[in-house]
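Q: Quick check, what structure comes out for this input:
(chains A and B)
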Amino acid sequence: MKSAISCTFLFLMSVSAFSQSVDDEVKLSDLAVPTSPAFIITDISPSTFQTPTTPKSFILGLVQSYEESSDGLPQNYSAEFAPYWWLNPAKRNVYSFLGIETPSSNSADAVAKENPFSGLKFTTVSLAFLRKDLVADTLQNSQKIVSLGVRTTILKFHNKKYTAAIKAKVQEWHALTQVEIEAVQEKMTRAASAAERTELLNEFTNFKPKTTASKLKEISELIAQKPLFSWDIAGAFATYGIGDSTWNAGRTGLWTTLATYLPLGLGEDKQIPENYFNLNLVVRYMRDNYHSSEEGRLSRANNLDVGGKIALEFNKLSIGYEALFRYVDGKGSPQNRNVGIINYRIADNIYLNGAYGENFDLPGKLVALFGITWGIGSETIKLPK
Amino acid sequence: MDTYRVGNGAQQINLAVDINTLGLAASRAIVLDLSSPAPALTVGVSTNATGDIQEREIGIPDSLKNMRLSILTKIDLIGDQASNSAESERLTGIYSLNNGAEGFKMFDKPEKTVAADFSSVVLFQIIDLIPEA
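A: Numbers count the residues shown, from 1 in each chain, chains lettered A, B, ... in the order given. Modelled structure (predicted):
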């Protein structure tokens, strides 16, 4: 029995369009490897970062923020990009994005294969230059911060039907779109003036036929299908400019997640699983050389968390249990996390979340969280930067 | 307006289309005579959602001179709106003709039209095929 039990009910309504939580440890989904580790480690909002698509735009962004700076460092600049697309842009196509082999023009019906290492090419680099007070002392001085992070999916694969299904749907979209093009192309080509052609092009571009829209929805649902297995890793390092010329290591973070989603049945269309048994194994290491101890003194935090999550996901309902064991300076600690979690999707973008158990910041105490997460827009897919 | 001098030889003129996008793309190339109501002739289509048209013969100079070649590519983007906006900017189309009087010639500035919600992009390239000057 716990020495004390405290229950706190927290009603949280947060509007989060395309954003991620970056601080606090009590999060209901914090077992995932962060997508932008350089931002996460410095607690900055990823909504402000740039996604340079070429080396030129990256350098231009850096130079512009450098020109606004008075201390020799780019001023409040953060960026995230996938270098692969800079080095090999000619390989960009929807099949490389989906991680399946591009069908040969001579054998459109050939069996498509999934490349389990396709996630490697989407390895992203996140970089941030900012001024912020990350030293937990009583002074309110902002430091110059330089943070660098890397994230990748080393291995990812779906079931055998996934690749064939997605290739077939993409090919169906292609055939339907060819019909759409055929219907308008001659008229556009014969347009008497540039203005007429522009009007026709605008009309065609914004026209959403039900046939292709429905096919795109099916493709998006297939893409959103969870992999049978995935292995993600991320790392980040932040260094602080203390004074004018001294640079000290600030925070270091390493994350890795092994996740498996075993389908428990197919959805209504008999192609896409909707129910999963989910097992995650998580290891994360966080070191903060400027941490505030419980006594309020500046100290070093050196935490290794090892644990995982087990969950059953039934379409709108997810019930799971998370356990993370914290090792401080290599030794076991009472600061563990054992939380039962329930999520229910009330509507497309509204989720009811609940958690009950003990968390790192309140060892020996039970905590209950209850909240609604309200997002804007539909569940979406992010293209690689 | 882009032009290509096809010349007067008996050799086949070659066309290739290279679409560079992470979205789903489909392309079609036609030639037609603007002064005639005769229907357009399809000279190339993409065979998969890369939108590429592999290098192919589209006709001899005599049959192509004074014709208009157009290549229309429809791209549907499958990311969120922010990703699609970025992708709509960086996606490209490169078109090349070969074996005419001008030899190999590349065209890389198609007319690009982006949907208001960034979910679709259309690339349109017109090339007037002219005889030897």
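Q: just the helices in the stretch 151-300 of chain A please.
A: Secondary structure of the stretch 151-300 of chain A, counting by DSSP state H, counting those that start in this stretch: helices at A:160-189, A:194-206, A:210-223.
Q: surely A:V367 meets A:E358?
A: Yes: applying Cβ atoms under 8 Å, one finds A:V367 in contact with A:E358, separated by 6.5 Å. To be clear about C-beta, it is placed using only N, CA and C from the backbone, and glycine gets the same treatment.
Q: shared neighbours of the two, which are they?
A: Residues touching both A:V367 and A:E358 (Cβ atoms under 8 Å, 6 or more residues apart in numbering or on different chains): A:V339.
Q: Tell me where the model's unsure across the stretch 51-200 of chain A.
A: Counting by pLDDT under 70, the stretch 51-200 of chain A has low-confidence residues at A:88-90, A:104-111, A:138.
Q: Please list the residues of it that sit near chain B.
A: A:51, A:53-54, A:89-90, A:92-97, A:102-103, A:105, A:108, A:170-171, A:173-174, A:177-178, A:180-182, A:184-186, A:188-190, A:197-198 (Cβ under 8 Å from any Cβ of the partner chain).
Q: Quick one: buried ones out of these?
A: A:51, A:53, A:92-97, A:102-103, A:170-171, A:173-174, A:177-178, A:180-181, A:184-185, A:188-190, A:197 (16 or more other Cβ atoms under 10 Å in any protein chain shown).
Q: Identify the residues contacting B:I58.
A: Contacts of B:I58 (Cβ under 8 Å, 6+ apart): B:12-15, B:29, B:31, B:43-44, B:64, B:69.
Q: all helices for chain B, in order.
A: Here chain B has its helices, by DSSP state H, at B:61-64, B:81-90.
Q: Would you format the ones you listed as JSON lines with mean neighbour count included?
A: What follows is the helices of chain B, written out as JSON lines (neighbours: other Cβ atoms under 10 Å in any protein chain shown):
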{"stretch": "helix B:61-64", "mean neighbour count": "18"}
{"stretch": "helix B:81-90", "mean neighbour count": "19"}
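Q: ok, back up a step: quick check: which of the helices of the stretch 151-300 of chain A is buried the most?
A: With neighbours taken as mean count of other Cβ atoms under 10 Å in any protein chain shown, these reach their highest mean count in helix A:160-189, at a mean of 19.
Q: Please enumerate the strands of chain A.
A: Using DSSP state E, the strands found in chain A span residues A:13-15, A:77-81, A:124-132, A:143-157, A:229-242, A:246-266, A:273-292, A:298-314, A:317-328, A:331-347, A:350-358, A:367-374.
Q: What is the last one packed up against?
A: Just to be clear, that refers to strand A:367-374. strand A:13-15, strand A:350-358 (3 or more Cβ pairs under 8 Å, 6 or more residues apart in numbering or on different chains; DSSP states H and E).
Q: With B:M1 as the reference, name the closest of those strands.
A: strand A:13-15 (48.8 Å; Cβ to Cβ).
Q: can you tell me the average pLDDT over that closest one?
A: The average pLDDT within strand A:13-15 is 32.
Q: Is the residue nearest in space to the middle of chain B bridged to anything, and to what?
A: Centroid-nearest residue in chain B: B:I71, 3.1 Å away (criterion: Cα atoms, centre = their mean). B:I71 forms beta bridges with B:A29, B:Q125, as assigned by DSSP bridges.
Q: again, but for the one 4 residues further on
A: With beta bridges defined as DSSP bridges, B:I75 has these partners: B:A25, B:V121.
Q: Could you tell me which residues make contact with it?
A: Contacts of B:I75 by Cβ under 8 Å, 6+ apart are B:19, B:21, B:23-25, B:51, B:91, B:120-123.
Q: Before I go, just wanted to say thanks for your time.
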